[in-house]
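Asker: Have a look at this fold, sequence not included:
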């Protein structure tokens, strides 16, 4: 029964609730220009975005948010998990944090 449940969940997640990856948000076109959500920002906007992304990454608030959410996710996975679903929920939280961090790092370079 558990294997069937996992297979169904994996199928649904893979085909209907696909996860966001960094390439969905930030990419480069053939001219090596940074694109955000499929649009090349104006040069002044891009400068501003880079400065803001760098500031966010270096801020104490960002560190507090990410560390707190990582801690909560780890507790959910390792201490409070009663089922496979609890572990999946915690892993999803960690994945989302990782994607956000990668997007900010890509934008700040």
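Answerer: Happy to help now that I have it. A quick note: this is a predicted structure, and the numbers were derived from the prediction, not measured.

Asker: From residue 60, how far out is residue 38?
Answerer: Separation of residue 38 from residue 60 (C-beta to C-beta, to the nearest Å) stands at 33 Å. Using the backbone N, CA and C atoms, a C-beta is placed for each residue, glycine as well.

Asker: likewise residue 94?
Answerer: For residue 94 relative to residue 60 (C-beta to C-beta), the value is 21 Å.

Asker: who has more neighbours, these two?
Answerer: Neighbours were counted for residue 94 and for residue 60 using other C-beta atoms under 10 Å; residue 94 has more, 16 against 7.

Asker: packing partners for whichever helix or strand the more buried one is part of?
Answerer: Assessed by DSSP states H and E, residue 94 sits inside helix 84-108. Counting contacts by 3 or more C-beta pairs under 8 Å, 6 or more residues apart in numbering; DSSP states H and E, helix 84-108 packs against helix 2-15, helix 22-25, strand 26-28, strand 34-36, helix 43-58, helix 60-78.

Asker: mind giving me CSV with the ones you listed and columns for distance to residue 84?
Answerer: Output for the helices and strands packed on helix 84-108, formatted as CSV (distance: least, C-beta to C-beta, whole Å):
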stretch, distance to residue 84
helix 2-15, 7
helix 22-25, 27
strand 26-28, 32
strand 34-36, 36
helix 43-58, 33
helix 60-78, 11
